[in-house]
Each structure stands twice: as structure tokens, then as C-alpha cells.
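Chemist: test case, fold it:
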Amino acid sequence: MPELPEVEVTRMGIAPAITGLTLQGIRLGKPLRWPLGCDPALLTGATITHVRRRGKYLLLDLDCGAVLALHLGMSGSLRILPKNMPAGPHDHADLVFADHVLRLHDPRRFGALVYAQNAAAPHLVKLLSTLGVEPLSADFTPQSLEKGFQGRSTAIKQALLAGDVVVGVGNIYASEVLFLAGIHPKTAAGRISKKRLVKLHAAIVSVLGEAVAKGGSSLRDFVAVDGSHGHFQLSAQVYGRAGQPCRACQTPIKHIVQGQRSTYYCARCQH
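Modeler: Next up, the predicted model:
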């Protein structure tokens with residue numbers, strides 16, 4: 001599933017190719033998770049003024065005040081392609097410009113392209129209202145972690161995945177973050193000391209920043225806008241390395257399941 005680093009890599013890829021351009025139309029294929037929410041013809045002639053990201057949502061601001069929200073779902077990716085490139089069976093939405101299209105490719109069709117009349121539209125606000133602090137923003141601090149996790153008995157790995165305290169620390173990155181911070185994944189979120197929260201904060205910023213720099217992680221379907229694959233998974237310290245020696249202490253990496261998601265950790269380095 002594309003997580004925050006993959007979505008940010010996508011944003012950086014599409015922004016230069018569509019910002020300031022005028023939509024000539026929208027072509028829709030098979031239905032996605034949610035309907036567009038308007039007649040596609042309504043958006044013909046609108047200009048993309050800005051490409052933003054909130055959590056795993058890409059937000060395309062239009063000069064008419066409307067917003068198009070894009071979500072890559074479980075298997076989606078966006079490509080900039082020639083205007084006359086035929087759509088394949090898993091291509092479900094094209095934003096058409098004068099010289100090219102922005103195409104949503106999504107084999108499992110859990111992605112979405114949703115219209116909002118403006119940024120205050122209730123359904124858009126509802127989608128974004130439960131998201132935590134952006135981890136690569138100045139608003140993300142050790143204090144925000146302390147406040148968000150206070151009193152929580154939930155295991156820290158699952159608290160990170162919940163996304164209501166800090167957004168975007170997906171499954172791969174949560175295992176890597178906790179290894180770097182030296183925190184056992186079953187530790188109750190509310191019992192982590194202030195000193196260790198400082199380490200956790202730094203690890204989140206470091207791991208997600210590195211993941212963006214390496215183009216994200218490509219385990220199954222994700223590719224960047226230019227068709228390239230992410231490389232973060234190649235340097236993972238624990239994720240996907242069950243039974244292999246820890247790169248720091250040589251102890252075999254352990255694998256457990258938490259909330260139906262795989263967790264990888266080093267029992268010696270994380271306590």
C-alpha cells in the first residue's frame with residue numbers, strides 16, 4: 001500500500017507537470033472506491049493552481065475554488081503519459097491536459113478521485129479531520145507525541161499506525177522507526193518516557209525523510225510518476241528480515257503479528 005513517503009514522492013513528481021495547466025477534460029473508467037461527485041464536464045477549463053498532500057491524500061486546488069482529492073488506495077499509482085496513450089484495463093481515471101494526461105492506475109480499485117466544491121466541503125473535511133500532525137512539518141514535535149499518547153495503553157506500533165497522533169507512519173516505516181528509536185513494538189504508547197519520545201520523534205523524521213529521498217518503497221505495485229521504483233526497502237534494518245541477523249548486534253530479527261499487520265524487531269536492540 002502506498003504510504004506517506006510514496007504519496008509525497010508522487011506529489012513531487014506530478015506537481016511540476018500539472019501546476020498552472022488547464023483541464024481539457026476528465027475521463028473515467030471502472031468505478032473506484034467513491035464516485036467523483038460531479039459531472040466531469042463541470043471541470044473542463046479549470047486550472048490546477050497547487051498540488052498539496054495531507055496524509056495520504058493528494059489535493060489538487062483549482063482556480064475556481066474547487067478541490068480534487070486523489071487517494072492511491074492499496075495498489076494505485078499516478079503516471080504522466082502522452083495524451084493519446086490508450087488506457088489499459090486497470091487505468092480508471094485520466095486528467096486530460098493539452099499535451100499529456102495524469103493517469104490513475106489501480107489494479108485493486110481502492111483508490112479514489114473525489115470532487116469538493118471548496119476546501120470547506122463537509123465530505124472533504126470529514127476525510128481529513130481525523131488525521132494527525134504531519135511528521136515532516138514544524139508542527140510535529142516530541143511534545144505533540146507526548147500529548148497524543150498520554151494515557152494510551154495501546155501498543156506503540158499500533159498507536160503509530162492509527163495515524164491520529166502523527167500521520168503517515170505506515171507499517172514498513174513503523175517497524176523501522178521503532179528499531180531506530182530502540183523501542184519494543186509492544187510497549188504501551190502511554191508509558192514511553194519523555195526522553196524516549198525525543199528519540200521516537202527523531203526516528204520518525206529520519207526514517208520518513210530517508211524514504212522520500214529514496215523514492216519510497218516498492219514492494220508490489222508502487223511506481224513513481226516516471227515509472228521508477230522506490231529503493232527504501234533495500235536498506236530496511238528490520239522490515240521483512242525475519243530470522244536474519246540484526247545489522248547492529250547480529251541477533252536474529254523476530255516477526256510477530258499485531259492487529260493483523262506484520263511487525264519486525266530486534267529483541268536485543270529494542271526494549
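
Chemist: in stretch 236-255, what counts as buried?
Modeler: Within stretch 236-255, the residues that count as buried by 16 or more other C-beta atoms under 10 Å are Ala236, Gln237, Val238, Tyr239, Arg241, Cys246, Ile253, Lys254, His255. C-beta: built from backbone N, CA, C; applies to glycine.

Chemist: sort out which of those residues are in helices and list them.
Modeler: Counting by DSSP state H, no part of the buried residues of stretch 236-255 is found in helices.

Chemist: could these go into CSV alongside distance to Leu60 and pLDDT?
Modeler: Formatted as CSV, the buried residues of stretch 236-255 follow (distance: C-beta to C-beta, whole Å; pLDDT from 0 to 100):
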residue, distance to Leu60, pLDDT
Ala236, 32, 91
Gln237, 35, 96
Val238, 36, 97
Tyr239, 31, 94
Arg241, 38, 96
Cys246, 43, 98
Ile253, 40, 98
Lys254, 42, 98
His255, 39, 98
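
Chemist: please narrow those residues to those residing in strands.
Modeler: Lys254, His255 (DSSP state E).

Chemist: touching the longest helix along the chain from outside, list them.
Modeler: The longest helix of the chain (DSSP H) is helix 194-213. With contacts defined as C-beta atoms under 8 Å, 6 or more residues apart in numbering, helix 194-213 is touched by 4-5, 8-9, 135-136, 140-142, 145-146, 149, 156, 166, 168-169, 173, 176-178, 180-183, 192, 217, 230, 232, 235.

Chemist: cutoff 7 Å now
Modeler: 4-5, 8-9, 135-136, 141-142, 145-146, 166, 168-169, 173, 176-177, 180-183, 192, 217, 232 (C-beta atoms under 7 Å, 6 or more residues apart in numbering).

Chemist: residue boundaries of the helices in the stretch 1-150 of the chain?
Modeler: 4-18, 122-128, 142-149 (DSSP state H, counting those that start in this stretch).

Chemist: need these in TSV (columns: distance to Ala162, mean pLDDT and mean neighbour count).
Modeler: TSV is the format used below for the helices of the stretch 1-150 of the chain (distance: least, C-beta to C-beta, whole Å; pLDDT from 0 to 100; neighbours: other C-beta atoms under 10 Å):
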stretch	distance to Ala162	mean pLDDT	mean neighbour count
helix 4-18	14	93	21
helix 122-128	15	96	14
helix 142-149	10	97	17
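
Chemist: okay if I get the ones you listed as CSV plus distance to Leu161?
Modeler: As requested, the helices of the stretch 1-150 of the chain are exported to CSV (distance: least, C-beta to C-beta, whole Å):
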stretch, distance to Leu161
helix 4-18, 12
helix 122-128, 18
helix 142-149, 13
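
Chemist: for Gly111, find the nearest of these.
Modeler: helix 4-18 (11.3 Å; C-beta to C-beta).

Chemist: between that closest one and helix 194-213, how big is the angle?
Modeler: Orientation check (axes from the mean of the first three to the mean of the last three C-alpha atoms, to 10 degrees): helix 4-18 against helix 194-213 gives 40 degrees.

Chemist: what about helix 4-18, distance to the chain center?
Modeler: Relative to its chain's centre, helix 4-18 lies at 11 Å (C-alpha atoms, centre = their mean, to the nearest Å).

Chemist: contacts for it?
Modeler: In contact with helix 4-18 (C-beta under 7 Å, 6+ apart) are residues 48, 51, 53, 55-56, 58, 72, 78, 80, 97, 102, 167-168, 170, 208, 211-212, 215-217, 222, 224-226, 230, 232.

Chemist: just the buried members of those residues?
Modeler: Counted by 16+ other C-beta under 10 Å, the contacts of helix 4-18 give 48, 51, 53, 55-56, 58, 72, 78, 80, 97, 102, 167-168, 170, 208, 211-212, 215-217, 222, 224-225, 230, 232 as buried.

Chemist: please list the members of these that lie in strands.
Modeler: Short answer: the buried ones among the contacts of helix 4-18 in strands (DSSP E) are Ile48, Val51, Arg53, Leu58, Leu78, Ile80, Leu102.
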